[in-house]
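Visitor: next input, structure requested:
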Amino acid sequence: MSANFKSSESAFDVTNARSSIITQMGKGFVLAMVTFFGPVLFIVAIYYVGLLLPPESKEAADPTPDSFPIVMEMEAEEAVEEEAAQE
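Guide: Below is the predicted model:
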């Protein structure tokens, strides 16, 4: 009876180990592809949706026309203050 019995400590099945390794490598490969190509495909999809929009929507006025000049004014004021502080 003991001649046919293998203890679980000494039993190592190479086939099961290889299949487990290949399965884990496959899952890692799929995860890496989703991680890399997911954002790329999202950006490409948004680009193609933008191509479907009419030209008038692309030529519309800026919905926040005053936001950029305010930032530029703030930067200019900071530059003037820095120059005044250096003198």
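
Visitor: any idea how far Met72 is from Asn16?
Guide: Look at Met72 and Asn16: by CB to CB, to the nearest Å, they are 66 Å apart. Just so you know, the C-beta spots here come from the backbone N, C-alpha and C atoms, and that holds for glycine as well.

Visitor: and the longest helix for this structure?
Guide: Counting by DSSP state H, the longest helix found in the chain is helix 14-52.

Visitor: contact partners for the residue nearest in space to the middle of the chain?
Guide: Nearest to the centroid of the C-alpha atoms of the chain, with distances taken as CA atoms, centre = their mean, sits Pro39, at 5.0 Å. Applying CB atoms under 8 Å, 6 or more residues apart in numbering to Pro39 gives no contacts.

Visitor: state the distance from it to Ile46.
Guide: Pro39 is 11 Å from Ile46, where distance means CB to CB.

Visitor: do the same with Thr64
Guide: Note on Thr64: its distance to Ile46, by CB to CB, is 20 Å.

Visitor: ditto for Ala61
Guide: Per CB to CB, Ala61 is found 22 Å from Ile46.

Visitor: more neighbours: the two, which one.
Guide: The neighbour count for Ala61 versus Ile46, taken as other CB atoms under 10 Å, is higher for Ile46 (9 against 6).

Visitor: next one: the helix or strand where Glu56 lies to chain centre, how far?
Guide: Assigned by DSSP states H and E, Glu56 belongs to helix 55-58. Relative to its chain's centre, helix 55-58 lies at 29 Å (CA atoms, centre = their mean, to the nearest Å).

Visitor: kindly report the same for stretch 73-87.
Guide: Offset of stretch 73-87 from its chain centre (CA atoms, centre = their mean): 38 Å.

Visitor: now do stretch 43-50
Guide: Offset of stretch 43-50 from its chain centre (CA atoms, centre = their mean): 16 Å.

Visitor: give the buried residues for it.
Guide: Using 16 or more other CB atoms under 10 Å as the test for burial, stretch 43-50 gives no buried residues.

Visitor: now it - C-alpha only, CSV.
Guide: In CSV, the C-alpha atoms belonging to stretch 43-50 read as follows (Å, rounded to 0.1, in the frame of the first residue of the first chain):
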residue,chain,number,x,y,z
ILE,A,43,-8.4,58.4,-27.2
VAL,A,44,-8.9,57.0,-30.7
ALA,A,45,-12.6,56.5,-30.1
ILE,A,46,-13.0,60.2,-28.9
TYR,A,47,-11.1,61.3,-32.0
TYR,A,48,-13.4,59.4,-34.3
VAL,A,49,-16.5,60.8,-32.5
GLY,A,50,-15.0,64.2,-33.1
